[in-house]
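Peer 1: Output the structure for:
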Amino acid sequence: MVSPMHTVAVTGVSGNVGQRVLRLLDADPTVDRVVGIDARDPRFRPHKLSFRRLDLASADLVPVVAGADAVVHLAWVFGPPRDEELLARVNLAGTRRLLEAATTAGVKSFVFVSSAMVYGAWPDNPVPLTEAAPLRPNPAFAYAAQKVEVERLLADWAGAHPDAAVTVLRPAPALDPDNDHWLARAWRGAGAVRVRRPPPPMQCVHEDDLASAVALALRKGLAGAFNVAPDGWVPGEQVRPLVSPGLGVALPERLARRVMRLGWATGLLDTTPAVVPYLVHPWVVANDRLEAEGWRPVHSNEEALVAARPLPAWRALLARRRQEVALAAGGGVLAGLAGAVVAVVRRRRRAP
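Peer 2: Residues are numbered from 1 along each chain as shown. The predicted structure is shown next:
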């Protein structure tokens with residue numbers, strides 16, 4: 001740590017990772033106060049927490065961040081992915097405004113949780129990817145592209161503030177069983193449509209381990225980019241038994257893309273076809289650089305994957321019943337989508 005962290009501002013403090021980071025900061029005797037920022041109330045509210053319920057994209061952040069020695073930026077909007085203007089307003093404009101407030105406050109440490117998805121999923125990716133790999137997110141995938149844009153903003157801010165330690169963490173997916181959003185479902189193969197082929201090698205970092213990486217970055221004042229993932233990865237052929245995919249329809253890759261494109265365009269599916277490369281090409285990362293700084297993951301990839309999927313027995317029973325109803329109602333829709341795509345392809349082939 002470059003200087004004592006008397007006050008730490010944490011955006012996204014009410015999320016699962018934010019709550020874990022808050023617990024670690026609450027237990028840290030060098031931290032006197034935590035300014036928690038989120039659009040919803042946190043469950044865990046220790047005495048150190050000064051909570052501010054606000055929107056990063058519209059609230060005046062200067063008085064909120066004033067007095068902070070460090071900022072942890074966890075807040076991120078995953079979707080709806082079709083509303084890219086909303087995503088840009090919150091994720092990009094919100095980050096710019098946070099950096100402006102950090103400048104005014106004279107913040108000496110800034111930690112941003114990015115994503116391993118910034119490397120992109122490509123057939124020529126080395127396995128594993130190191131921090132030296134180029135950032136080349138797949139086209140049209142707004143989630144990864146905006147993470148890259150925020151990393152660029154942070155690089156510019158770090159250049160203008162050489163006395164500040166700027167840390168970019170690039171974690172493997174940290175899945176949350178209580179927040180099964182569209183991206184998590186697609187990545188687990190649990191969406192309405194999935195690609196019929198063995199998935200690429202997979203990594204999953206436990207939220208506790210990601211929180212400990214954030215705490216380490218703050219404590220040591222780390223500067224630069226660091227991948228966050230357990231040691232190794234799960235081979236593709238061993239993934240499905242661990243992630244427990246849902247009852248979605250498995251289709252060949254080209255047909256899956258077309259069905260997803262049509263379903264996305266009509267609003268019947270919530271998964272953008274831009275995510276497909278991440279379901280078929282490798283993008284696992286090396287953790288050597290962070291481990292050299294003393295970070296050690298407690299949970300393996302397999303443990304993190306399994307921890308993210310279980311439901312209590314009563315919830316599993318209700319979920320199973322919902323799946324039965326959804327399958328009965330949605331099977332015809334998916335079949336219709338697939339049939340429509342096949343018909344369009346045939347018409348195009350016949351056209352002069």
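
Peer 1: What mean pLDDT does the helix or strand that contains residue 305 get?
Peer 2: Following DSSP states H and E, the helix or strand that holds residue 305 is helix 301-308. Averaged across helix 301-308, the pLDDT comes to 87.

Peer 1: got the contact list for it?
Peer 2: Defining contact as Cβ atoms under 8 Å, 6 or more residues apart in numbering, one finds that helix 301-308 is touched by 172, 174-177, 202-206, 209, 229-230, 232-234, 239, 242-243, 299. The C-beta positions use only the backbone N, C-alpha and C, and glycine is treated the same way.

Peer 1: show me where the stretch 251-352 of the chain has helices.
Peer 2: Secondary structure of the stretch 251-352 of the chain (DSSP state H, counting those that start in this stretch): helices located at 253-266, 276-280, 288-291, 301-308, 313-350.

Peer 1: Lowest average pLDDT across these?
Peer 2: Across the helices of the stretch 251-352 of the chain, helix 313-350 gives the lowest mean pLDDT, at a mean of 46.

Peer 1: So which residues of this structure form helices?
Peer 2: Taking DSSP state H as the criterion, the chain carries its helices at 16-27, 62-65, 84-87, 94-105, 142-160, 182-188, 207-220, 239-243, 253-266, 276-280, 288-291, 301-308, 313-350.

Peer 1: Mind putting the ones you listed into a markdown table with mean neighbour count and distance to residue 113?
Peer 2: Formatted as a markdown table, those follow (neighbours: other Cβ atoms under 10 Å; distance: least, Cβ to Cβ, whole Å):
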| stretch | mean neighbour count | distance to residue 113 |
| --- | --- | --- |
| helix 16-27 | 21 | 7 |
| helix 62-65 | 18 | 17 |
| helix 84-87 | 14 | 16 |
| helix 94-105 | 20 | 12 |
| helix 142-160 | 18 | 9 |
| helix 182-188 | 22 | 15 |
| helix 207-220 | 23 | 7 |
| helix 239-243 | 17 | 22 |
| helix 253-266 | 18 | 27 |
| helix 276-280 | 21 | 18 |
| helix 288-291 | 18 | 13 |
| helix 301-308 | 20 | 16 |
| helix 313-350 | 12 | 28 |
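
Peer 1: quick one: which of the ones you listed is nearest residue 126?
Peer 2: Among those, helix 288-291 comes nearest to residue 126, with 13.5 Å by Cβ to Cβ.

Peer 1: And the contacts of that closest one?
Peer 2: Identification of contacts with helix 288-291 by Cβ under 8 Å, 6+ apart yields 130-131, 213, 216, 226-228.

Peer 1: Dump the C-alpha coordinates for it into CSV.
Peer 2: C-alpha atoms of helix 288-291 as CSV (Å, rounded to 0.1, in the frame of the first residue of the first chain):
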residue,chain,number,x,y,z
ASP,A,288,1.1,-15.9,-12.4
ARG,A,289,1.4,-12.1,-12.1
LEU,A,290,-1.1,-11.7,-9.3
GLU,A,291,0.2,-14.8,-7.5
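
Peer 1: Give me the distance from it to the chain's centre.
Peer 2: Distance, stretch centre to chain centre, for helix 288-291: 20 Å (Cα atoms, centre = their mean, to the nearest Å).

Peer 1: now stretch 95-112
Peer 2: Relative to the centre of its chain, stretch 95-112 is centred 21 Å away, using Cα atoms, centre = their mean.

Peer 1: Repeat that for stretch 150-169.
Peer 2: Put simply, stretch 150-169 sits 20 Å off its chain's centre (Cα atoms, centre = their mean).

Peer 1: Let me know the angle separating the helix holding residue 305 from helix 207-220.
Peer 2: Relative orientation of helix 301-308 and helix 207-220, computed by axes from the mean of the first three to the mean of the last three Cα atoms, to 10 degrees: 110 degrees.

Peer 1: which non-adjacent residue is nearest residue 45?
Peer 2: Spatial nearest neighbour of residue 45, excluding adjacent residues (Cβ to Cβ, 6 or more residues apart in numbering): residue 51 at 6.6 Å.

Peer 1: my bad, should have said residue 57
Peer 2: Nearest to residue 57 is residue 94, by Cβ to Cβ, 6+ apart, at 4.4 Å.

Peer 1: residues contacting the one you found?
Peer 2: Residue 94 makes contacts with 55-57, 75, as judged by Cβ under 8 Å, 6+ apart.

Peer 1: next one: residue 68
Peer 2: Residue 68 makes contacts with 7-9, 35, 102, 105, 107, as judged by Cβ under 8 Å, 6+ apart.

Peer 1: gap between it and residue 54?
Peer 2: Computed as Cβ to Cβ, to the nearest Å, the residue 68 to residue 54 distance reads 15 Å.

Peer 1: now swap in residue 240 and tell me
Peer 2: Distance, residue 240 to residue 54, by Cβ to Cβ: 41 Å.

Peer 1: Residue 160 now?
Peer 2: Relative to residue 54, and taking Cβ to Cβ, residue 160 is found at 25 Å.

Peer 1: go on, residue 73?
Peer 2: 14 Å.

Peer 1: Settle it for me: which of those two has more neighbours?
Peer 2: Neighbour totals were compared for residue 73 and residue 54, and residue 73 leads with 24 against 15 (other Cβ atoms under 10 Å).

Peer 1: so that one bridges to which residues?
Peer 2: As for beta bridges, residue 73 partners with residue 11, residue 112 under DSSP bridges.

Peer 1: Over to residue 51?
Peer 2: Residues in beta-bridge contact with residue 51 (DSSP bridges): residue 36.
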